[in-house]
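Asker: Structure for the following, please:
(2 chains)
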Amino acid sequence: MKNKLKLSAAARREENWGWFMVAPTIIGLILLNLWPFVQTVYASFCEHLGFGHYKFIGLKNYVDMFGNTEFWKATWNTIFFCILTVPVGVILALFVAILLNAKVKFKGGFRTLFFLPLVCAPAAVAMVWRWIFNGEYGILNQMLGARIQWITDPKTAVIAVAIVSVWSSIGYDAVLLLAGLQNIPKTLYEANSIDGAGKVRQFFTITLPMVSPTMFSVLIMRLMASMKVYDLIYMMADETNPALTDMQSLMYLFYRSSFVAGERGYGSAIVVWTVGLILLVTLIQFLGQKKWVTYDI
Amino acid sequence: MQKEWREKRDTVCRSLWNEVATHLFDAAGVAYPTEEWTWDDMTDASQKIYDATGKYGYMAYNDEQLGYWNFVYQKGGYILDPETNLHAGYTQPATVEAIRYYVSLQQNDWCPDQNYFAETSPGTSFFSGMGSMFLEGSWNLLSEMKNYPDMVGKWDIAMLPRCPDPVSGDGRGSISNGLCYSTAARGKNLEVVKDVLRFFGSEEGQRIQGESGAAIPAYLGLEDTWSKSFGEFGYMLDLEQCYGQFDYAVQYINNASRRKWKSNVADEMVKVYNGAGIDSSLARMQEIADEYVTSD
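Answerer: Below you'll find the model as predicted:
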């Protein structure tokens, strides 16, 4: 930072222009993301009195929260949902990306098809899947010739939501991974095959290490998205769904506390807890990446 | 505490009734519901329709306003003590009996179970011709006429049936929901806001609202403006007899603390449908609701 003082007039002008250019984004982030987050943290120590009035009550919301079995159940549900969706989602996305990177006909068409779910509104996606999963009239049961109560049986409900989540995220992740795959220099494969390596060996010695930085980003984003799952559950599970307590995530619990029960303070505490959880998991991932992510060969 | 200004006059009146698939009644040769219908007539008709057509009869789904509340008041019980509007009545004998009866309706062949309703709403089932009766509210009527043009003329509405053996009262009861406008008590343009809200509640404002078909105006004598908005469909639903329900309507159950316990009580109700004991669940619901009474 010391050499900042030595900047010439021209360089300083350039720096000012830099600040000016990023200002819209930074101001937007502060106003729309950072400040509301600060307010949320404050609200988590308050009781909401209605019409935007808050009363400071210290740690009571947190004490209530940690003593609530429903809360711990929702925390576990959220973690379980991540376990179900993240590894499968990322591996499938990599598989799809490799297929889309191969020499196949209608490559552009396939890429569009896999990307389509992302263009659809999540609520609409959930509505359609709700019909597919419908125990009585759903097409899935018709095809299987079974009578599985996908959405209302506590054993299958989370799996059903996880399937929809993976289905709708696979295309986006695959496109990111595809970009990573295309950055791998062809010469590496050529050299490798001259040395006599097979396709499988090539995948593990070249493709996987080279795409690992992209996979790492995808993994982090997917985990964050899964920790925050709300809309799918809200749309797919009715309030009277017998399996609701086995599906409700932290964000769903937050919705119920803040907007159904009107306890914004308690709801904010749940949000702060979720952010903490995401922070912890992301930290672990950043520490763990040294073991498997390759930035240069 | 929170401060707000309310226009005290109700501006929207919401009423409930059974929607009746007349095409299924015709197919089964069962007479349409009348004002004199009791719970027994309703279950008899359900059985007959199910036997004759294989379609569901009365679809008793898990809901408060559009479900067991009505049966509780018909039986002579209550959800909130009518005197103070503070204490819940989930363990009152009449309430317990009514809820037990309502939940048990799903054990009949002619009524789907709660798993079914959690996936397929009774409205969806009704308007695809799979079921013959369900409890519905006036605020959904216009969209139902618009969204299911193929069904226009194949269904009608009927008064809620009477409880044949009420613990008290005459067996009549229907939850009616009055809504009113409110605004924060502090505000820069409070006077203007109040003025606008007063207009919404005036005869003229209510007439505009009624003619839009959105909801029944609460302004007495303006019900017709709402009925007329259904003229475009070329088929007149029997709205008139339902206005008769206003005489014994029960105001939507609510008090200051309800929003804090309503989700938890609803969760208990889900457990009842999952097979939990009714008496213990209702006792638990009573406990949950009572917890907030004392702190109020």
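Asker: so where's the chain shaky on pLDDT?
Answerer: Since no chain was named, I'll use chain A. Along chain A, segments meeting pLDDT under 70 span A:1-5, A:297.
Asker: Switch to chain B, please.
Answerer: Confidence mapping of chain B against pLDDT under 70 gives the ranges B:1-13, B:241, B:294-296.
Asker: how does it look with 80?
Answerer: Screening chain B residue by residue with the criterion pLDDT under 80, one finds the ranges B:1-17, B:177-180, B:185-186, B:213-215, B:220, B:231, B:234-236, B:240-246, B:293-296.
Asker: interface residues of it facing chain A?
Answerer: Taking CB under 8 Å from any CB of the partner chain as the measure of proximity, chain B contacts chain A at B:1-4, B:61-63, B:112, B:114-121, B:184, B:259-260, B:262-263, B:266-267, B:269-270, B:273-274. Yep, even glycine has a C-beta here, placed from its N, CA and C like the rest.
Asker: Among those residues, which lie within helices?
Answerer: Among these, the residues falling in helices (DSSP state H) are B:114-119, B:259-260, B:262-263, B:266-267, B:269-270, B:273.
Asker: of those, buried ones?
Answerer: The neighbour-count test (16 or more other CB atoms under 10 Å in any protein chain shown) marks B:114-119, B:260, B:262, B:266-267, B:269-270, B:273 as buried among these.
Asker: Start and end of stretch B:96-111, how far apart?
Answerer: As for stretch B:96-111, its first-to-last residue distance stands at 21 Å under the measure CA to CA, to the nearest Å.
Asker: Around chain B, pick out the residues from chain A.
Answerer: Taking CB under 8 Å from any CB as the criterion, the neighbours of chain B within chain A are A:49-51, A:53, A:130, A:133-137, A:149, A:151-153, A:237-242, A:244-245, A:256, A:260-263.
Asker: returning to that earlier point: out of the buried ones among the ones in helices among the residues of chain B next to chain A, the closest to A:Val104 would be?
Answerer: Comparing these against A:Val104 with CB to CB picks out B:Glu119 as the nearest, at 38.2 Å.
Asker: Pretty sure A:Arg130 is one of the things the closest one touches, is it not?
Answerer: Yes: contact between B:Glu119 and A:Arg130 holds when scored by CB atoms under 8 Å: they sit 7.1 Å apart.
Asker: quick one: common contacting residues for those two?
Answerer: Counting by CB atoms under 8 Å, 6 or more residues apart in numbering or on different chains, the shared contacts of B:Glu119 and A:Arg130 are A:Ile151.
Asker: Contacts only, for the residue nearest in space to the middle of chain B.
Answerer: Compute the mean C-alpha point of chain B, and by CA atoms, centre = their mean the closest residue is B:Leu66, 3.5 Å away. Neighbouring residues of B:Leu66 by CB under 8 Å, 6+ apart: B:Leu16, B:Leu135, B:Glu136, B:Gly137.
Asker: any chance of those in CSV, plus distance to A:Ser168, secondary structure and neighbour count?
Answerer: Conversion of these to CSV gives the following (distance: CB to CB, whole Å; DSSP: H, G, I helix; E, B strand; the rest coil; neighbours: other CB atoms under 10 Å in any protein chain shown):
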residue, distance to A:Ser168, secondary structure, neighbour count
B:Leu16, 37, strand, 24
B:Leu135, 35, strand, 24
B:Glu136, 33, strand, 18
B:Gly137, 33, strand, 17
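Asker: where do the strands sit along the stretch 1-150 of chain B?
Answerer: Under the criterion DSSP state E, counting those that start in this stretch, the stretch 1-150 of chain B carries strands at the ranges B:4-6, B:12-14, B:16-20, B:56-58, B:131-137.
Asker: separation between A:Thr274 and A:Arg147?
Answerer: A:Thr274 is 36 Å from A:Arg147, where distance means CB to CB, to the nearest Å.
Asker: Compare these two and say which one has the larger neighbour count.
Answerer: A direct count of neighbours by other CB atoms under 10 Å in any protein chain shown for A:Thr274 and A:Arg147 places A:Thr274 higher, at 20 against 8.
Asker: What's the local residue count around the nearest residue to the more buried one once chain neighbours are set aside?
Answerer: Distance criterion CB to CB, 6 or more residues apart in numbering or on different chains; nearest residue to A:Thr274, sequence neighbours excluded, is A:Leu250 at 4.7 Å. Close neighbours of A:Leu250, defined as other CB under 10 Å, add up to 24.
Asker: before we move on, what about the one 10 residues further on?
Answerer: The local packing count at A:Val260 equals 15, with neighbours defined by other CB under 10 Å.
Asker: How about B:Gly231?
Answerer: By the other CB under 10 Å criterion, the neighbourhood of B:Gly231 contains 10 residues.
Asker: next one: A:Leu7
Answerer: 12.
Asker: And for the one 3 residues further on?
Answerer: By the criterion of other CB under 10 Å, A:Ala10 has 8 neighbours.
Asker: what about it, which SS state?
Answerer: Assigned with DSSP: H, G, I helix; E, B strand; the rest coil, A:Ala10 falls in the helix class.
Asker: circling back to that earlier point, of all the contacts of B:Leu66, which two lie farthest apart?
Answerer: Of all pairs in the contacts of B:Leu66, the most separated under CB to CB is B:Leu135 and B:Gly137 at 8.0 Å.
Asker: so what's in contact with these two at the same time?
Answerer: Common neighbours of B:Leu135 and B:Gly137 (criterion: CB under 8 Å, 6+ apart): B:Leu16, B:Leu66.
Asker: Spatially nearest residue to A:Phe37 (excluding sequence neighbours)?
Answerer: Excluding the flanking residues, the one nearest A:Phe37 by CB to CB, 6+ apart is A:Val275, at 7.8 Å.
Asker: typed the wrong thing, it's B:Gly131
Answerer: Nearest non-adjacent residue to B:Gly131 (CB to CB, 6+ apart): B:Tyr56, at 3.8 Å.
Asker: Now do the one you found against chain A, distance only.
Answerer: Distance, B:Tyr56 to chain A, by CB to the nearest CB, to the nearest Å: 11 Å.
Asker: and that residue, how many neighbours?
Answerer: Using other CB under 10 Å, B:Tyr56 has 25 neighbouring residues.
Asker: shouldn't it be in contact with B:Met130?
Answerer: Yes: using CB under 8 Å, B:Tyr56 makes contact with B:Met130 at a distance of 6.1 Å.
Asker: The host helix or strand of A:Thr245: how far from the chain's middle?
Answerer: Here A:Thr245 is covered by helix A:244-247, with elements defined by DSSP states H and E. Here the centre of helix A:244-247 is set off from its chain's centre by 20 Å, with CA atoms, centre = their mean, to the nearest Å.
Asker: residues making contact with that helix?
Answerer: Contacts of helix A:244-247 with the rest of the structure, by CB under 8 Å, 6+ apart, involve A:70, A:73, A:77, A:154, A:157-158, A:161, A:233, A:237-238, A:241, B:267, B:270.
Asker: Touching, B:Asn70 and B:Ile175? I think so.
Answerer: Yes: A contact is recorded between B:Asn70 and B:Ile175 when judged using CB under 8 Å, the distance being 5.6 Å.
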